[in-house]
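J.: give me the fold of what follows.
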Amino acid sequence: MIDLPHHIHIPVMGLGFTVDSPLKVAKFGISSVVSIMDDHLLEDMRRLYSRKLSIPYQFIDLKAEDYRAKRITAYLNLLHKVVQKQVEDLKAEEFGEGGNIDRYFELLPFSHPLSSLYREMLHAEGEVKVKLQGALRKAIVPGKIDVNIMTKVDKINFDKEGNELPREYSDALSSLRGFAVSEVEGSVVFSAGMNPALFSYTEQFADFFPDENGKIKKGIILKVSDYRSALIQGRFLAKKGLWVSEFRIESGLNCGGHAFATEGLLIGPILEEFKHNRETLKQTLWTSCQQALQEKGAHLLPGDLKTKITYQGGIGNADENRFLMEYYELDGTGWGSPFLLVPEATSVDDDTLQRLINARKSDFYLSQASPLGIPFNNLRTSSGEEQRKSRIAKNRPGSPCYKKFLAFSTDFSTKPICTASREYQHLKIKQFQAGETNEKDLDLVLEKDCLCEGLSAPAILKSGETPKRNLRAVTICPGPNLAYFKGIFSLKEMMDHIYGKINLNLDPERPHVFVKELQLYVQHLKSEIEKSFPEKTAKFDSYVERFKNNLNEGIQYYNQLAENFANDTEEILLKFKSQLQEINEEINGLVPKLSS
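T.: You can find the predicted model right below:
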C-alpha cells in the first residue's frame, strides 16, 4: 500500500458538496469521499465535466439495464481518468514557477520528509537541484478517490410492470456494484451500521480480495461510533474473507449530516478503547479473514497488513489534531465541515456559502428533517428550510418526490413513499383532521425535508447550471463546529491551519473538541427527557441513569486526560477543567435520582 502524503482526509458531505472534490484536491495528494447514492446527480456531473473538459459523453438512460450501477461506474471512471491526467500534468511542470507541483509540496506539514526535501531543493543548485527535483517528482501520488454508501439507504426497486427486481438491484447493492467494477482504486466507506445483504454482496467482487501479491485493489472502510460496533461489523466481513482496511471513528453528535448518538459514551473514552485494543482487533480480524480465504482457496493476506484507525468530528485546530494523532496513536483525522468554506475543495453554491458565513451559532442545530427518522444536522437559514416553511404557509407542505431514494414508509400504502413527500404529508394532515393523530406527530412530519434534491442541488448550482425542474433550494448539513469558522478560505489557508503553520481567526468562545461534544450530549439528553413527558416509563428512567453515568465517567476520564495536554497553557487547562465541572453539575441536577 502506497503511503499518502497527508494524514487528513475530507469526509463525505451530503450528496453534492464533495461529489467532485477529487477533481479539486486529489492531485495534491489529499483524499476525499464521494457519495454514490444519487445516480441522477452523478450523471449530471459527468455530463457537465465531459463538456468542460472536452471528454466524449454518452447519456445513460433510465431505460438502460442496470442504469444505476452503470452511471456510477461511468462517473467514477471519469474521476479516475481526469485525476490521473492532472497528476501527469503536475509532474511535467517546472519547479519554482508557482504551479501545482510547488503547491503539492507547500501544502504538506513541515514535519513531512517530502516538505524538507522540497525546501532543500529550493536552495540547491546545478546537478544536485536536478537530482532532488527528480526524487520529488517520483514521490508524487494522488489522494484517494473513496466512495460512501449509507447502508440504510437501500430501497428495493421495481421494473416498469411493478415487479420487484432481484436483491442486487436495490439502491445500496447497485451502488456497490457500480464502484466495484470501476477503475478507481480507492475504498468504499460503509456508514450508518451493518447491512448484512450489502456486506455479503461485497463477496462477489474480486477487487475486494488480495491478489497474488497480497494487494487489495479496493478497500473497505467502516464508519463506526464505538469499538463494539467495529468488532461486530469487522468480524462479519472477515468471516467472508473481506479485510477492513480502516475503521473511521466518528463522533456521535459533533459531526455533520446524520447524527448517531450513543448513550452518552464520549469520544475520548471510545478512542482510548480503540487504542488499548487495537492489536487485539487487528489480530482477531486477520485470523478470521485468513481462515476464510484459505477455505475459499484464495490468495492470503500479507503478514504485515495493518488496519488504520482514524477519527473525524469537530476538530478545530492544529493542537487538537496533534493531540488526537499522538495520544491515541491514530493514522489520520477527518476534517469535514470547515472545508465547506473552501471553494477550492468542495462545491457550495455562492448563496449557501454566504448563509453559512452569516449564520449565528443558534442557526446550526440538530433537526428531524431526515425522512430516515435519524437526527440530522441542519442550518435554520438555508434556502431549503425557507422553501419548506413557505410550502407549509401556502398549504402545500411536502416536496414533489422524483428520486425516491428515501421512500420507505408504508403507513398509508403497500408501496413505500417518502415522509417528506407532498403525498405523505397530505395524507398525514387528513389523518390529523380526522382526529387519528395528534399535533405533535403532525409537526414532526411537517419538519421532514427532501434531502434527495436539497443535498444534490449545490453541486449543479456551483457549476453555473440550474437543477432539473428548477429545484434550486439547498439543504446543507454542517457539523456544529462550523459555527466557529467565519469567512472563505483558500485550500492552502485551511491546510496550513490544520498543520499549525497559521491560525485561522476562529471564534474565541469555541470550546475544546471534547467539551463541545459533551455539551451536545447534555443538550441531547435534555431533549430526550422533554420528549418523554408525560409518558415517562421505568425503562426510560433506566436509560437516563445509564446515559448520565456514561457522561459522568467521561468527565472523570477527561479530568485525568488533561494532564497529558502538554502543549496547552495553564489558562487553557483551567478553562477546560472549569467547563467540565460546570457540565458535571448540570448533568447531576438534570433529573432527580430515581427511586425504586
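
J.: what's downstream of the helix ranked longest in the chain, the next helix or strand?
T.: Counting by DSSP state H, the longest helix found in the chain is helix 267-296. Per DSSP states H and E, helix 267-296 leads on to strand 308-312 as the next helix or strand towards the C-terminus.

J.: that following strand packs against which elements?
T.: Strand 308-312 sits against strand 244-250, helix 267-296, strand 332-334, with contacts defined as 3 or more CB pairs under 8 Å, 6 or more residues apart in numbering; DSSP states H and E. To be clear about C-beta, it is placed using only N, CA and C from the backbone, and glycine gets the same treatment.

J.: between strand 244-250 and it, find me the angle.
T.: On the basis of axes from the mean of the first three to the mean of the last three CA atoms, to 10 degrees, strand 308-312 is oriented at 20 degrees to strand 244-250.

J.: list the contacts of strand 308-312.
T.: Residues outside strand 308-312 that contact it (CB atoms under 8 Å, 6 or more residues apart in numbering): 9, 11, 245-251, 255, 267, 271, 274, 278, 324, 328-336.

J.: residue 409 touches residue 418, doesn't it?
T.: Yes - the pair residue 409 / residue 418 is scored as a contact, 6.9 Å apart, by CB atoms under 8 Å.

J.: how about the closest residue to residue 21 other than its chain neighbours, secondary structure?
T.: Distances taken as CB to CB, 6 or more residues apart in numbering put residue 32 closest to residue 21, at 3.9 Å, once the chain neighbours are dropped. Following DSSP: H, G, I helix; E, B strand; the rest coil, residue 32 is assigned to strand.

J.: go on, residue 377?
T.: Under the three-state scheme (three-state DSSP), residue 377 adopts strand.

J.: show me the contacts for the closest residue to residue 247 other than its chain neighbours.
T.: Nearest non-adjacent residue to residue 247, counting by CB to CB, 6+ apart: residue 230, 4.9 Å away. Counting by CB under 8 Å, 6+ apart, residue 230 touches 222, 224, 247, 249, 274, 281.

J.: and the pLDDT at the fifth one?
T.: At residue 274, the predicted lDDT confidence score is 98.

J.: next, count neighbours for it.
T.: 21 (other CB atoms under 10 Å).

J.: thought it was touching residue 227?
T.: Yes - under the criterion of CB under 8 Å, residue 274 makes contact with residue 227 at 5.7 Å.

J.: mutual contacts of those two, please.
T.: residue 281.

J.: hmm, residue 553 is touching residue 269, no?
T.: Yes - Residue 553 lies in contact with residue 269 (CB under 8 Å); the separation is 7.1 Å.

J.: okay, the two: which has more neighbours?
T.: Remark: of residue 553 and residue 269, residue 269 carries more neighbours, 18 against 14, as counted by other CB under 10 Å.

J.: buried set for the longest helix of the chain?
T.: Buried positions in helix 267-296, judged by neighbour count with 16 or more other CB atoms under 10 Å: 267-274, 278, 281-282, 285-286, 288-290, 292-293.

J.: now swap in stretch 186-197 and tell me
T.: Residues 186-193, 195 are the ones in stretch 186-197 that count as buried (16+ other CB under 10 Å).

J.: now stretch 54-68
T.: 57, 60, 68.

J.: start to end distance for it?
T.: 24 Å (CA to CA, to the nearest Å).

J.: show me the contacts for residue 293.
T.: 209-210, 241, 299-301.

J.: try it again at 7 Å.
T.: Counting by CB atoms under 7 Å, 6 or more residues apart in numbering, residue 293 makes contact with 241, 300-301.

J.: of these, buried ones?
T.: 241, 301.

J.: any idea how far residue 167 is from residue 478?
T.: To residue 167, residue 478 is 35 Å away according to CB to CB, to the nearest Å.

J.: comparing those two, which shows the higher neighbour count?
T.: Neighbour tally, residue 478 and residue 167, criterion other CB under 10 Å: the higher count belongs to residue 478, 28 against 14.

J.: my guess is the more buried one contacts residue 379. True?
T.: Yes - counting by CB atoms under 7 Å, residue 379 is a contact partner of residue 478 at 6.3 Å.

J.: list the buried residues in stretch 257-266.
T.: 257-266.

J.: quick one: residues contacting residue 103.
T.: So residue 103 contacts residue 28 (CB under 7 Å, 6+ apart).

J.: same thing with residue 371?
T.: 406, 418-420, 448, 451.

J.: closest to residue 487 out of these?
T.: residue 451 (27.2 Å; CB to CB).

J.: what's the burial count for that closest one?
T.: 28.

J.: let me see the domain layout of the protein.
T.: 364-475, 511-596 (automatic domain parsing).
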